[in-house]
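Participant: Pasted the sequence and its predicted model underneath.
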Amino acid sequence: MTNWMKSIEGIPDVVASMFCENEINGLELLALDRDGLKDIGVTRAGTICLLLKEIKTLEQKSQDVSTLIEHSPSDVRHLSLTSIVLSLPLSLTSH
C-alpha cells in the first residue's frame, strides 16, 4: 500500500504512513470515501481529492477485471484470473 501511495504525485509521505498505521488493505482502500479518509487523518482537501481520484481509478480497474472473468469461458477462467493477478501491483497488498 505504501509503495502505491508514494507513486501518486502530490501525496505526502505522512499520508502514506497514515494508511500503514491504520493497516488499510486493498479492499478497505476501495471502500474509503471522503469521510473515511478524514477518519484516518487525511485533512488536506487537495490530498483527499487526489486520493479519491486514484481510488476511483483502482475501483474501475477491479470492475474491469471482474467483468473479464465473468465473460471468460469456464476453461479459460483460471488462466485469465492467474494472468490478471500476476499483473496487479504488489504494492496494493503490502504496507
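Facilitator: Noted; the coordinates are in hand.
Participant: tell me the SS of G41?
Facilitator: Going by DSSP: H, G, I helix; E, B strand; the rest coil, the secondary structure assigned to G41 is coil.
Participant: Distance-wise, check the nearest residue to it once chain neighbours are set aside relative to M5.
Facilitator: Distance criterion Cβ to Cβ, 6 or more residues apart in numbering; nearest residue to G41, sequence neighbours excluded, is M18 at 4.7 Å. From N, CA and C alone the C-beta is placed, and that goes for glycine too. Taken as Cβ to Cβ, to the nearest Å, the spacing of M18 relative to M5 amounts to 9 Å.
Participant: Between these two, tell me which one has more neighbours.
Facilitator: Neighbours per residue, other Cβ atoms under 10 Å: of M18 and M5, the larger number sits with M5, 21 against 16.
Participant: mind listing what's buried in the helix or strand hosting the more buried one?
Facilitator: Assessed by DSSP states H and E, M5 sits inside helix 2-6. By 16 or more other Cβ atoms under 10 Å, the buried positions in helix 2-6 come out as 4-5.
Participant: by contact count, what packs against it?
Facilitator: The helices and strands touching helix 2-6, judged by 3 or more Cβ pairs under 8 Å, 6 or more residues apart in numbering; DSSP states H and E, are helix 13-21.
Participant: Would you indicate which residues of stretch 25-40 are buried?
Facilitator: Along stretch 25-40, these residues count as buried under the neighbour rule (16+ other Cβ under 10 Å): 26, 29, 32, 36-37.
Participant: List the contacts of it.
Facilitator: Residues external to stretch 25-40 that are found in contact with it (Cβ atoms under 8 Å, 6 or more residues apart in numbering): 1, 18-19, 22, 24, 48, 51-52, 55, 58-59, 62, 92-93.
Participant: now, which of the buried residues of stretch 25-40 lie within helices?
Facilitator: Secondary structure of the buried residues of stretch 25-40 is defined by DSSP state H; positions in helices are 26, 29, 36-37.
Participant: Brilliant, that's me finished.
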